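> kindly return the folded structure for what I paste below:
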Amino acid sequence: MASNVWAKSSDIIVRTLGLDTEPVAVFLLKRDQDRDRVPVHAFKAVTGHRYCQALMRARHGEAVLIEPGALACPAASAVFGFRDLPATLASGQGLVGFGIVSKPDTGREMFEGMVHLPPGTLAGIALGPLASAPALPDVVVVEGPPEPLMWLALADVNRSGGQRRSGNTAVLQGTCVDVTLIPYLEQRLNFSLGCYGCREATDLAPSEAVLGFPGALLEPLAQSLQELNVKAIPRSRSKSVWRSHVAASSSEG
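Residues are numbered from 1 along each chain as shown. Now for the predicted structure:
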């Protein structure tokens, strides 16, 4: 029964927004606490993957599992408490080497502001299509064009009674921090334009961005999207005002 709930919400999101790929269910598996909640055997263990690459596989329909020693990205490994951040990154010098920043102090500040889980918190991370999630996910991540993500953000504004939404990012660790750990720890929706790493390592297109929200918001957001789809979404997408403007401008010529 539970999986039908996730599938229904996923269908609403995909169909309403016109997404080409799947919303991703993310399970942050705590040690010795998630065996009954999440059937780990249903996820394929992968190695040599960055977190953003696991998300990529999940958005294209695969269910994958990353265990602590199998996560290839040192920054994401530090985020999830798998291992310490290497000194070259923590100092900011590594980001200078990548050409991301011009001064080590800038890179150091970016990493000092990075939220992270305490070492040893997680036994692994399971990711898969939301439609086939075995339980309510800890976080849902959606990758796609800005316009569909805008409607999800507006759905959250509606859900919150009109409160403005904030996007927290250092334009670094766009998927692991911005749209996974911040939504998980702060229990709120967050959005990101991506980062150097996820754009280099995955198929995230120049025309796409990323958004994440805690699983507890899944059904309220799906319901809000349905309400927006009665009038606001189709009317906005019709671009009737723009078409009238173009027609009026043409007639003036």
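> what's in contact with the helix or strand where residue 89 lies?
Secondary-structure assignment from DSSP states H and E places residue 89 in helix 87-90. Contacts of helix 87-90 from elsewhere in the structure, counted by Cβ atoms under 8 Å, 6 or more residues apart in numbering, are 74-75, 78, 94-95, 97, 107-108, 111. Quick note: C-beta positions are derived from backbone N, CA and C, even for glycine.
> from the residues you listed, which land in helices?
Cross-referencing the contacts of helix 87-90 with the helices (criterion: DSSP state H) gives 74-75, 78, 94-95, 97, 107-108, 111 as the overlap.
> turn the residues you listed into TSV, including distance to residue 251, neighbour count and pLDDT.
Listed next are the ones in helices among the contacts of helix 87-90 as TSV, based on distance: Cβ to Cβ, whole Å; neighbours: other Cβ atoms under 10 Å; pLDDT from 0 to 100:
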residue	distance to residue 251	neighbour count	pLDDT
74	60	17	95
75	56	24	96
78	60	23	96
94	58	20	96
95	54	23	97
97	57	13	96
107	55	25	96
108	59	17	96
111	57	20	94
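> so how far is residue 94 from the nearest residue to residue 63 once chain neighbours are set aside?
Spatial nearest neighbour of residue 63, chain neighbours left out: residue 128 (3.4 Å); criterion: Cβ to Cβ, 6 or more residues apart in numbering. Computed with Cβ to Cβ, to the nearest Å, the distance linking residue 128 and residue 94 is 31 Å.
> ok, back up a step: out of the ones in helices among the contacts of helix 87-90, who's nearest residue 54?
residue 75 (14.5 Å; Cβ to Cβ).
> that closest one against residue 176, yeah?
Yes. In this structure, residue 75 sits in contact with residue 176. The criterion is Cβ atoms under 8 Å, and the distance is 7.3 Å.
> any weak-confidence spans in the chain?
For the chain, the stretches flagged by pLDDT under 70 are 1-3, 32-35, 253.
> at 90 instead, please
Low-confidence segments of the chain, defined by pLDDT under 90, are located at 1-6, 31-38, 41, 247-253.
> any chance you could map the helices in it?
So, for the chain - with DSSP H - the helices run 2-17, 51-59, 74-79, 87-90, 93-98, 104-112, 146-159, 182-186, 196-201, 218-228, 232-238, 240-252.
> of all the ones you listed, which one comes closest to residue 172?
Each of the helices of the chain has some distance to residue 172 by Cβ to Cβ; the shortest is helix 104-112, at 5.3 Å.
> which residues sit against the closest one?
Contacts made with helix 104-112 from outside it, assessed by Cβ under 8 Å, 6+ apart, are listed as 75, 85, 89-96, 100-101, 170, 172.
> what's the closest of these to residue 245?
Taking Cβ to Cβ as the measure, residue 170 is the one of the contacts of helix 104-112 closest to residue 245, at 38.4 Å.
> how close does the residue lying closest to that closest one once chain neighbours are set aside get to residue 175?
The shortest distance from residue 170 to any non-neighbouring residue, by Cβ to Cβ, 6+ apart, is to residue 110 (4.6 Å). From residue 110 across to residue 175, the span is 16 Å (Cβ to Cβ).
> so for those two, which sits in the more crowded spot?
Of the pair residue 110 and residue 175, residue 175 is the one with more neighbours under other Cβ atoms under 10 Å, namely 32 against 18.
> what sits against the more buried one?
51-52, 55, 141, 192, 194-195, 198, 210.
> TSV for those, including distance to residue 14?
As requested, these are exported to TSV (distance: Cβ to Cβ, whole Å):
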residue	distance to residue 14
51	23
52	21
55	16
141	14
192	20
194	21
195	25
198	21
210	16
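> who's in contact with the nearest residue to residue 195 once chain neighbours are set aside?
Nearest-residue entry for residue 195: residue 174, 3.6 Å, with adjacent residues in sequence omitted and distances by Cβ to Cβ, 6+ apart. Neighbouring residues of residue 174 by Cβ under 8 Å, 6+ apart: 52, 192-195, 197-198, 210.
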